[in-house]
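**Q** no sequence on this one, just coordinates:
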């Protein structure tokens, strides 16, 4: 505003420079003639100013600034919760909905402002918590498992907020999804229980054999030889279990790091098949390998992919032994399709209810069969972790009496 006024005044003085100069000269002449100076100045100023004032610059006043006042006393509360990932409801003291954030709208569906929260939140345990919090005026908290829109576990908190900036007291109802934390807790608990169980059996056997060797079989050479062989098998089993556990631990540490090397699956599968041929021969199984003539390259870690196919082909030989044949087929990438490797056995197959859980740690479709074949229950879990790191999938199809097909798709 000041700059605008100064510019206008300068332009006005430039336009009327000669008028001002004449006025000044007249004042000087009056003073020289002996006229009282202040009277002369006043007279000349009154004579000249009216004509100049008529042509003086007119500076328009600044436009008025319109001030918008948001009268919503909860505007800051709404702005704070709008970006929350968790569903949030703001309720009045009667549990009527004052605000629902976008996450709540997305997960639980919309609710009109002013409706009672029970219209949307109908879980009995949560409804009881809300009722108790309203009656006591204190905060409340409860955990519940829901199935809509998907199976989830929520920690629900209801917090009272006192009146501020014209808003009356209100409650904030927050749903925090803790499904992943509960899943990890359950997985950790199951893992510790299963690992303890797997180690307890061989350790108990070792203890019993050692006590026997120190006692009744102290001088029995035949019993000592038999017991020592059994002890060696048990120690070997524990060693395999520890090795598998270490493999899983290492894979979990680098699960987010995708491998960056190119691996040709043609020689890799040939090498794995050659290494397992003695085992297959002992089991009376013939491994039939079907490979394309041209290289088939994928991004991966050679050692880890070797471990994947060793696990799959070895399992097919052991558990599909009745079929006498295992087919290993590498299909190069056709137009619009991915590279895939199929391992097919013609054994007894797997019941449908077991298939989705085969890659769980320590899960066995047949416990006795697995242990008799020296399995740790971790092989397919390792396969799943490696393929996840390679951005690949394991697809399992099986039918009782017709064998099983394990397909790796890159």
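**A** Sure, I can see it. From a predicted model like this one, the values you see are computed outputs, not experimental measurements.
**Q** so where's this protein shaky on pLDDT?
**A** Counting by pLDDT under 70, the chain contains low-confidence ranges at 1-71, 147-150, 163-167, 194, 336, 367-375.
**Q** got the residue ranges for the helices in it?
**A** 2-15, 17-32, 37-54, 75-82, 102-108, 124-136, 179-214, 221-253, 265-283, 302-319, 367-372, 379-389 (DSSP state H).
**Q** Which of those helices sits closest to residue 155?
**A** Smallest distance to residue 155 across those (C-beta to C-beta): 9.2 Å, for helix 179-214. In short, each C-beta sits where N, CA and C put it, glycine included.
**Q** and that closest one, which residues are buried?
**A** Of all the residues in helix 179-214, those buried under the rule 16 or more other C-beta atoms under 10 Å are 191, 194-195, 198, 202, 205-206, 209, 213.
**Q** tally of neighbours for the closest residue to residue 348 other than its chain neighbours?
**A** Leaving aside its chain neighbours, residue 348 sits nearest to residue 322 (6.1 Å; criterion: C-beta to C-beta, 6 or more residues apart in numbering). Using other C-beta atoms under 10 Å, residue 322 has 13 neighbouring residues.
**Q** my read: residue 322 touches residue 349, true?
**A** No: here residue 322 does not reach residue 349: they are 10.0 Å apart, not a contact under C-beta atoms under 8 Å.
**Q** Run through the residues that contact the closest residue in space to residue 285 that isn't next to it in sequence.
**A** Leaving aside its sequence neighbours, residue 285 sits nearest to residue 317 (C-beta to C-beta, 6+ apart; 4.7 Å). Going by C-beta atoms under 8 Å, 6 or more residues apart in numbering, residue 317 touches 276, 279-280, 283, 285, 287, 326, 345.
**Q** Break the chain into its domains for me.
**A** The chain is divided into the following domains under automatic domain parsing: 2-54, 79-177, 182-253, 262-409.
**Q** can you put these in JSON lines and add distance to residue 73?
**A** Output for the domains of the chain, formatted as JSON lines (distance: least, C-beta to C-beta, whole Å):
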{"stretch": "domain 2-54", "distance to residue 73": "39"}
{"stretch": "domain 79-177", "distance to residue 73": "3"}
{"stretch": "domain 182-253", "distance to residue 73": "38"}
{"stretch": "domain 262-409", "distance to residue 73": "50"}
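**Q** who wins for proximity to residue 72 among the ones you listed?
**A** So among the domains of the chain, domain 79-177 is nearest, using C-beta to C-beta, at 8.8 Å.
**Q** Rebuild the helices of the chain as a markdown table, extending it with distance to residue 295.
**A** Listed next are those as a markdown table, based on distance: least, C-beta to C-beta, whole Å:
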| stretch | distance to residue 295 |
| --- | --- |
| helix 2-15 | 76 |
| helix 17-32 | 92 |
| helix 37-54 | 97 |
| helix 75-82 | 54 |
| helix 102-108 | 47 |
| helix 124-136 | 59 |
| helix 179-214 | 39 |
| helix 221-253 | 27 |
| helix 265-283 | 6 |
| helix 302-319 | 14 |
| helix 367-372 | 36 |
| helix 379-389 | 21 |
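**Q** quick one on the thing from earlier: let me know which of the domains of the chain is tucked in deepest.
**A** domain 262-409 (a mean of 17; mean count of other C-beta atoms under 10 Å).
**Q** Endpoints of that one, how far apart?
**A** For domain 262-409, the first-to-last residue distance is 16 Å (C-alpha to C-alpha, to the nearest Å).
**Q** Residue 358 contacts residue 350, correct?
**A** Yes: with contact defined as C-beta under 8 Å, residue 358 and residue 350 form a contacting pair (7.2 Å).
**Q** Name the residues contacting each of those two.
**A** Shared contacts of residue 358 and residue 350, defined by C-beta under 8 Å, 6+ apart, comprise 365, 396.
**Q** Can you tell me the closest non-neighbouring residue to residue 350?
**A** Closest to residue 350 by C-beta to C-beta, 6+ apart is residue 398, at 4.0 Å.
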